[in-house]
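S.K.: Quick one, what's the 3D model for this:
(chains A and B)
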Amino acid sequence: EAQVTQNPRYLITVTGKKLTVTCSQNMNHEYMSWYRQDPGLGLRQIYYSMNVEVTDKGDVPEGYKVSRKEKRNFPLILESPSPNQTSLYFCASSMRGLSSRYDNSPLHFGNGTRLTVT
Amino acid sequence: DAKTTQPNSMESNEEEPVHLPCNHSTISGTDYIHWYRQLPSQGPEYVIHGLTSNVNNRMASLAIAEDRKSSTLILHRATLRDAAVYYCINTGANSKLTFGKGITLSVRP
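M.R.: Residues are numbered from 1 along each chain as shown, chains lettered A, B, ... in the order given. Now for the predicted structure:
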């Protein structure tokens, strides 16, 4: 089944303790992205990747890192989490990439990771 | 990225049609118009997309203005399961695919 898988679904941690949220897709998609969702603010993009080793900042990248060493995985790294990073996180992927051939391809979202930083 | 604006919320009655508007006045000629929806406690899901012509699929219809500066997502017969947040975004070459706050649709029984 084609899907975007995020792990873990729920995570409670303490300030400053490094953590990684994994994201994996099995659709050979070139484009991957991370969003955070907070009440009243909608979905805000953190980082995105147009292909392997090609990443760029979204609208709210501060405090986050990403890597794209292989096509299927796009982990989100919080080196020193803070309480203001408590949020619901979504990973998404799409066929679109550096070529414009698939610009109309839809995004596929994971089920989300609810992170609480105390 | 072309910015989209949507009303914050809309209410509908069950089994009646719903028209959800979206303005995208800065859309470029090659940007597609995508709609997604997010049901409670779930990730967003794709609904429909178009470029210039109106589009229909099993979930909804998309009406695109002739100047492409606005579009309308049409749910022909709203059901309680259609209560969700609906997002309109523009996508194009090198676009970041940024979402906004979306429009919250409530459906009354």
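
S.K.: what lines up beside whichever strand in chain A runs longest in the sheet?
M.R.: Assignment by DSSP state E gives strand A:42-51 as the longest strand of chain A. Note on strand A:42-51: by DSSP bridges, its sheet partners are strand A:31-38 (antiparallel), strand A:54-57 (antiparallel).

S.K.: taking those together, which one is wrapped up most tightly?
M.R.: strand A:31-38 (a mean of 24; mean count of other CB atoms under 10 Å in any protein chain shown). Just so you know, the C-beta spots here come from the backbone N, C-alpha and C atoms, and that holds for glycine as well.

S.K.: what about stretch B:48-65, how long is it end to end?
M.R.: 16 Å (CA to CA, to the nearest Å).

S.K.: what does chain A put close to chain B?
M.R.: A:31, A:33, A:35, A:40-45, A:48, A:50, A:56, A:58-59, A:90, A:92, A:94, A:96, A:100, A:103-104, A:106-112 (CB under 8 Å from any CB of the partner chain).

S.K.: Tell me the buried residues in the longest strand of chain A?
M.R.: A:Gly42, A:Leu43, A:Arg44, A:Gln45, A:Ile46, A:Tyr47, A:Tyr48, A:Ser49, A:Met50 (16 or more other CB atoms under 10 Å in any protein chain shown).

S.K.: Assess the claim that the last one and A:Tyr31 are in contact.
M.R.: Yes. At 5.9 Å, A:Met50 counts as touching A:Tyr31 under the criterion of CB atoms under 8 Å.

S.K.: you'd agree A:Ser87 is up against A:Tyr35?
M.R.: No. Counting by CB under 8 Å, A:Tyr35 is not a contact partner of A:Ser87; they are 9.5 Å apart.
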